[in-house]
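Visitor: Need coordinates for the below:
(chains A and B)
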Number of protein chains: 2
Amino acid sequence: MISDQAQISRADLSRATGLTRTTVSDLVAELLQEGLVEEIGHAPSGGGKPPTLLQILADSRCMIGVDLASHEFHGAVVNLRGKILHRFSVPVYNPDGEQALERVYELVDGLLAYCSIPPLGIGIGTPGLVNGNEGIVRRSVVLDWRDLPLGGLLHSRYKLPVHVANDCQAAALAEMIFSNTHKTPNLIVVKIGRGIGSGVVLNGHLHMGDGFGAGEIGHMVVKENGVRCRCGHFGCLETILSTPFIVKQVQEAQRRSPSPILARMINSVDEIDFKLIIQAYSAEDALVKQVLSTAGQFLGIALANYVSTINIERIMLAGSMAVFSDVLIQSARQTICERTLEALGVGTSIQVSNLGNDIVVLGAAALLMQHELGLA
Amino acid sequence: MISDQAQISRADLSRATGLTRTTVSDLVAELLQEGLVEEIGHAPSGGGKPPTLLQILADSRCMIGVDLASHEFHGAVVNLRGKILHRFSVPVYNPDGEQALERVYELVDGLLAYCSIPPLGIGIGTPGLVNGNEGIVRRSVVLDWRDLPLGGLLHSRYKLPVHVANDCQAAALAEMIFSNTHKTPNLIVVKIGRGIGSGVVLNGHLHMGDGFGAGEIGHMVVKENGVRCRCGHFGCLETILSTPFIVKQVQEAQRRSPSPILARMINSVDEIDFKLIIQAYSAEDALVKQVLSTAGQFLGIALANYVSTINIERIMLAGSMAVFSDVLIQSARQTICERTLEALGVGTSIQVSNLGNDIVVLGAAALLMQHELGLA
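Guide: Next up, the predicted model:
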């Protein structure tokens, strides 16, 4: 509660929580002693003695947040308000499982070297299916891990609390805890980049799913008789909307019926790549817009399925594809309205997360705040 | 806790809840005084004084459970163990909203007349979009209700606690609270009859959704360019798997390429109806099985979307279409495996609820137990 409010008095804490004044005072005394909370002067008096205000001591602890889902491993030292204090990255080139683990150690070693304040622990967001309760990566194709007890290994090495989650699930928790937008108890974050996944927060808590696979919409089949996916199925959302497939679709469209804007841009590079597509999009290239608009319809199918199953109204987009949010959201909204009950589609909002590229790192830190400080 | 266990001692309650012995004794004393719980002799002694066992006094209260989603309104007086004590029904023929409400009063009047023990309250499961927090039916096309404060009206009339939910959501709660099968904190109930809907229980509690539309998979689009649905969209699950559409598909298939078994059966009736299809299914008619198998694939699409979004492993089928569960489940399972990550599909189980036609009535009673007795 102190963390959620900028500043709050013991009396207001008692009113808001329903705990007695004595209990609140005892608990606050503990937090003051642990140095997590500080007194910061007085509020205007309502007549009697002016109440003392409390706030989180943002730099009393730091958190190590790690993102293993980007093209290089990166992490940060984060304070209790979600402020990034230091960043550190380690390049990774198609590692085998053992090498990937070594790179993680290297990254965490580097981050801990930057810690000038006591670390609360280490949070990890990783691609793959993760048993978040036991810190075990059940399967990550990208990192070549199967049943890796990542949490246990890091805990043995660093003697700190460690929490591990899927990168997209962590991203959802980041949005819940660190976003400055209007707080809601339920939300979905959809992260679209080289892969696609999502995370679901229900009643303030991460919903991991019985098999830890909640949010795995990258492999939801959204197109009948579609392209073969790396998972072995056909027509998964990833085969349409992930960056490699967007690049492929733009290349093919350009071959079929060239756009002059794109043609001019290609002169300076070998082939159309993702960077070029972003430039063409900024230049309002119609071909790029058309490819994205069609892809957005398939995003809409996945989101419509979310609406029809759990009817969460706040959906946030993250990941490198979020730069195209204008056209993606417009197209997806239209599709949602065509595929769900009117009352439900109308209530659904899609926005872009403002946590940017830090969303997984912050999510990893949010895991620590939820587990170690009881934040919900 | 006492309700969940058949019999339990105060000492075991204290161990299981983490509450002190004194607190448990005080709370049990209250429950004994209210007559909700009784002492039933002693457990074998572990050395000292033999502990007194407690159990729920199943007939200390009754509950009025009402199902407005069947072709006639029906309800029951139910005890605290979910035993049906009396049933009562009221026929309904295409009512306007006002008439439908009158029939509800008639039904509840009738049920209360049967109550020989103090009623805990009235629970209602109704088709449509229901604001369960405020007891308002936002929209029910079938019953011609829009923003009807059903909970408030019934409370004013009967001076009893009233809780209202969508019929399929109530069914999910029934499965959670009254089913004798292995308990899990998460489950999905899919009810397939004249309409299709589902309910989701997460962490023991009904998940209604931000717009109260969680589980509305009857209007999830599962077939591109499909048949027009009463909701205005095309290819909704209801246009494939609900009883009227199954009848239609069997009729059409029989016209195209007649099955001899069906042809013989039709001689005794005017046209193929749902009852005849059940008979033909029992007689292992290949045409009927083929229609159901194809329809089951579309059920599989909807369930696969559930798996990819929230990954709940326990899915239960209910409603009149559950008689075809063998072929539907086989077909749906196959489709789920083709449309979700292997690890997630494999972990998903689909079974038939054993609560039968009482599932909504029991769900309405379960609403009361959850809200009035704090059961989760």
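Visitor: can you point me to the longest helix in chain A?
Guide: Identified as the longest helix of chain A according to DSSP state H is helix A:286-310.
Visitor: Mind checking if that one is in reach of chain B?
Guide: Yes. Judged by Cβ under 8 Å from any Cβ of the partner chain, helix A:286-310 comes into contact with chain B at A:301, A:304-310. The way it works is simple: take the backbone N, C-alpha and C, and place the C-beta from them, glycine included.
Visitor: For that helix, the averaged confidence score.
Guide: For helix A:286-310, mean pLDDT rounds to 98.
Visitor: How about stretch A:53-70?
Guide: 94.
Visitor: buried sites along it?
Guide: A:53-57, A:60-70 (16 or more other Cβ atoms under 10 Å in any protein chain shown).
Visitor: before we move on, the earlier item: buried ones in the longest helix of chain A, by neighbour count?
Guide: Neighbour count says helix A:286-310 has A:287-289, A:291-293, A:295-310 buried, by 16+ other Cβ under 10 Å.
Visitor: hmm, back to that, quick one: the residues of helix A:286-310 next to chain B as JSON lines, columns for distance to B:V104 too.
Guide: JSON lines is the format used below for those (distance: Cβ to Cβ, whole Å):
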{"residue": "A:I301", "distance to B:V104": "38"}
{"residue": "A:A304", "distance to B:V104": "33"}
{"residue": "A:N305", "distance to B:V104": "34"}
{"residue": "A:Y306", "distance to B:V104": "33"}
{"residue": "A:V307", "distance to B:V104": "30"}
{"residue": "A:S308", "distance to B:V104": "28"}
{"residue": "A:T309", "distance to B:V104": "29"}
{"residue": "A:I310", "distance to B:V104": "29"}
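Visitor: who in the stretch 151-300 of chain A is up against chain B?
Guide: A:184, A:186, A:198, A:200, A:202-203, A:207-217, A:219-221, A:224, A:231-233.
Visitor: Among those, which are located in helices?
Guide: Short answer: these have none in helices (DSSP H).
Visitor: Which among those count as buried?
Guide: A:186, A:198, A:200, A:202, A:207-217, A:219-221, A:231, A:233.
Visitor: What's the per-residue pLDDT of the closest residue to A:V221 other than its chain neighbours here?
Guide: Excluding its sequence neighbours, the residue lying closest to A:V221 (Cβ to Cβ, 6 or more residues apart in numbering or on different chains) is B:R339, at 4.2 Å. Looking at B:R339, its pLDDT is 96.
Visitor: how about the helices in chain A?
Guide: Under DSSP H, chain A gives helices at A:10-17, A:21-33, A:97-114, A:150-158, A:167-178, A:238-241, A:243-256, A:260-266, A:274-282, A:286-310, A:325-339, A:342-347, A:359-373.
Visitor: angle of the last one against helix A:21-33?
Guide: Looking back up the chat, that one is helix A:359-373. Calculated by axes from the mean of the first three to the mean of the last three Cα atoms, to 10 degrees, helix A:359-373 forms an angle of 120 degrees with helix A:21-33.
Visitor: what comes up buried for helix A:359-373?
Guide: Those would be A:359-372, for helix A:359-373 by 16+ other Cβ under 10 Å.
Visitor: can you list those residues in TSV and add pLDDT and distance to chain B?
Guide: Below are the buried residues of helix A:359-373 laid out as TSV (pLDDT from 0 to 100; distance: Cβ to the nearest Cβ, whole Å):
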residue	pLDDT	distance to chain B
A:I359	97	20
A:V360	98	20
A:V361	98	25
A:L362	98	23
A:G363	98	18
A:A364	98	21
A:A365	97	24
A:A366	96	20
A:L367	96	19
A:L368	96	22
A:M369	93	20
A:Q370	93	15
A:H371	93	17
A:E372	93	21
